[in-house]
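# quick one, structure for this:
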Amino acid sequence: NQIIDKNVKTEKKVVNVVFEKVVAKNTESNFQVMESYLNQMGITVNCRFLCNTTFDKLKNFCKAQLNLLAYKDYTGMILEKFFQDTYQCKFFDKQFPVGFDETEQWLLEMGNIMDESRTAREIAEINRQIYERRIEKARATLKGKKLMIITYNHELDWILTAAIHAGIEIAKGCILNFSQDEGF
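Numbers count the residues shown, from 1 in each chain. Take a look at the predicted model:
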């Protein structure tokens, strides 16, 4: 509350990324992919709260037209509510996507919000072609194999979809209860 300047003017096509998990090994590579998509749509990332950012970017947090939650879990929703209540920040209703289908939907919705629908569709189509080539390559090796999943992660659509596209038989899925994943 002492660092963020509430009087900074909001700018179009500027976003903040909120609640990246710094302990995850793929945080930086995931951010770079998402930033690349955003940049292609003319959207700039102002601040990463609180991952690899600077005092000035944090001070200018309110510059963002829209805030993007990296994870919409218990802690992410607490941060979203805090920023909405304290700074009247607007948030995109989807967290960072996982898997091809979710990424495509995320891009198309972001494109609509930021008046970049055409660019978002182009990015999605290019990536669909890449995905299909990679799945075709994987299918040669994986078709007919069986998959059993044991996980705490309740968001499995992306891996199940990829497995089905690769011709893998899903033999069993065991999803364990996780205290921070409400509403499963």
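# most remote residue from this structure's center?
Computed with C-alpha atoms, centre = their mean, the residue of the chain farthest from its C-alpha average is G144, at 31.1 Å.
# could you count how many residues lie near the closest residue in space to it that isn't next to it in sequence?
Excluding the flanking residues, the one nearest G144 by C-beta to C-beta, 6 or more residues apart in numbering is G167, at 6.4 Å. Bear in mind the C-beta positions are built from the backbone N, C-alpha and C, glycine included. By the measure other C-beta atoms under 10 Å, the count of residues near G167 is 15.
# again, but for G99
By the criterion of other C-beta under 10 Å, G99 has 16 neighbours.
# quick one: contacts for L58?
By C-beta atoms under 8 Å, 6 or more residues apart in numbering, the residues touching L58 are 3-4, 47, 49-50.
# that one sits in which helix or strand?
Assigned by DSSP states H and E, L58 belongs to helix 55-59.
# gap between the helix ranked longest in the chain and the chain center?
In the chain, assigned by DSSP state H, the helix with the most residues is helix 117-142. Taking C-alpha atoms, centre = their mean, to the nearest Å, one finds the center of helix 117-142 at 18 Å from the center of the full chain.
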